[in-house]
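J.: coords please:
(one chain, ligands or ions: 2)
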Amino acid sequence: MGISVRAFGTLAADAPLSEMDIPRRSPGQDDVHIEITYCGVCHSDIHTARNEWLNSTYPVVPGHEIIGRVVEVGRNVKRFKKGDLVGVGCMVDSCLKCDPCRHHLEMFCQNGCTWTYNSPDPHTGGRTYGGYSTHIVVREKFVLKVPETIDESAAAPLLCAGITTWSPLRHWKVGKGQRVGIIGMGGLGHMGIKFARALGAHVVMISRSPEKARDAEDLGAHEVLLSTDTKAMRAQANSFDFILNTIPVGHEMDPYISLLRIDATMVLVGAVEPLKPFHGGGIIMGRKRVAGSLIGGIKETQEMLDFCGKHNIVCDVELIRIQEINEAYDRVVNSDVKYRFVIDMRSLKE
Ligand code: ZN
Ligand code: ZN
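T.: Numbering: from 1, shown residues only. Ligands and ions are numbered 1, 2, ... in the order given. Just a heads-up that it's a prediction; the model follows:
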């Protein structure tokens, strides 16, 4: 037996999002039943709603930056009780037994983790539906505690944009005494600046746009480097200990690789698509590395949320009603948002 909840989703790649009813499973012994209050709008939501990754099964109900309150818990649930402020990110389940799962890397589960939306749902036999809805039922292990001190609407994008930037900064041990570059200043980049600064690094925002440069300093960047200024780029060659590259599309890599010091790494988190060819000499000379990173495990996501609670770090967001979602998608595609839309999900009940 399942339950029916109100949601906002789409029935086809070229159709706008609209109101619909979707099934959720009845909460089981290990489940947390959550009333959703806020949901961030990630670029992946748009790729999936519009079938741009060619893997969408309709209806699609996007949303994987979910904040809400617990309304009910299963008998075996230990960490949560009714009324708790909680979050759900990009994953809602995995096998928890394979090697990556045992090392807290559920996103790389060898048996395939269950994504929050547009993923086969082993519980229902159907597909998963995301956070553009009034309620969601999630296995306890994949529910995060959100510090009560945090602004909950601005915390929503931490569940995807936040962990996507936090995880590589932690994995590559970014901290004091290091010169760190953040390329791109959208939802991901603006969180990269905040986290790198809070971790004690010297933060350089690398951007093509002089207008974004001014905002970067407000977000915590110590310096701005205009990638279009070849003289400035040359002056900063071989000077970075780490670069976080959030550019969402294929691009020239060589100019950024030249900024890395010996043994330094540039990590890609944005472009899930072909890159332009880059010159092998650029990484051979200086033993440099180009790497990638995908969100982060549940344990690390909790560490990030706890850090954000302690240091009062949230995203810069623009709050919208669910009825404004189609217009918001067009604005995200045009990079016309500072820096993340968050939907007030109570608008769905009106
Ligand atoms: Zn996302
Ligand atoms: Zn696994």
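J.: Can you classify the closest residue to Ala13 other than its chain neighbours by secondary structure?
T.: Distance criterion Cβ to Cβ, 6 or more residues apart in numbering; nearest residue to Ala13, sequence neighbours excluded, is Asn51 at 3.9 Å. Where C-beta positions appear, they are placed from N, C-alpha and C, glycine not excepted. Secondary structure of Asn51, reduced to three states by DSSP: H, G, I helix; E, B strand; the rest coil: coil.
J.: surely Asn51 meets Leu11?
T.: No. With contact defined as Cβ atoms under 8 Å, Asn51 does not reach Leu11; the gap is 11.6 Å.
J.: More neighbours: which of these two?
T.: Between Asn51 and Leu11, Asn51 has the larger neighbour count (other Cβ atoms under 10 Å), namely 17 against 12.
J.: From Gly9, how far out is the more buried one?
T.: Counting by Cβ to Cβ, to the nearest Å, the separation of Asn51 from Gly9 is 13 Å.
J.: list the helices and strands the helix-or-strand element of the chain with minimal mean pLDDT packs on?
T.: Of all regular secondary-structure elements in the chain, judged by mean pLDDT, DSSP states H and E, the least confident is helix 210-219 with a mean of 87. On a contact count with 3 or more Cβ pairs under 8 Å, 6 or more residues apart in numbering; DSSP states H and E, helix 210-219 meets helix 187-198, strand 202-207, strand 223-226.
J.: Out of those, which gets nearest to ligand 2?
T.: Ranking the helices and strands packed on helix 210-219 by their distance to ligand 2 (criterion: Cβ to the ion) puts helix 187-198 first, at 25.7 Å.
J.: separation between the nearest residue to Ser18 once chain neighbours are set aside and Ile46?
T.: On the basis of Cβ to Cβ, 6+ apart, the spatially nearest residue to Ser18 that is not a chain neighbour turns out to be Phe8, at 6.9 Å. Using Cβ to Cβ, Phe8 is found at 14 Å from Ile46.
J.: Those two: which has the busier surroundings?
T.: Just comparing Phe8 and Ile46: by other Cβ under 10 Å the higher neighbour count belongs to Phe8, 26 against 17.
J.: Tell me who's in contact with that one.
T.: The contact partners of Phe8, taken as Cβ atoms under 8 Å, 6 or more residues apart in numbering, are Leu17, Ser18, Glu19, Met20, Val61, Tyr132, Ser133, Ile322, Ile325, Leu348.
J.: so where is the protein shaky, pLDDT-wise?
T.: 1 (pLDDT under 70).
J.: Strands of the stretch 51-200 of the chain, residue ranges please.
T.: Secondary structure of the stretch 51-200 of the chain by DSSP state E, counting those that start in this stretch: the strands cover 66-73, 85-88, 91-93, 114-115, 135-139, 144-145, 179-183.
J.: can you put those strands in CSV and add distance to ligand 1 and mean neighbour count?
T.: Below are the strands of the stretch 51-200 of the chain laid out as CSV (distance: least, Cβ to the ion, whole Å; neighbours: other Cβ atoms under 10 Å):
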stretch, distance to ligand 1, mean neighbour count
strand 66-73, 11, 21
strand 85-88, 12, 23
strand 91-93, 11, 23
strand 114-115, 10, 22
strand 135-139, 16, 22
strand 144-145, 15, 19
strand 179-183, 18, 26
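J.: Stretch 191-211 close to ligand 1?
T.: No. With Cβ under 5 Å from the ion as the measure, stretch 191-211 is seen stopping short of ligand 1, the closest distance being 11.7 Å.
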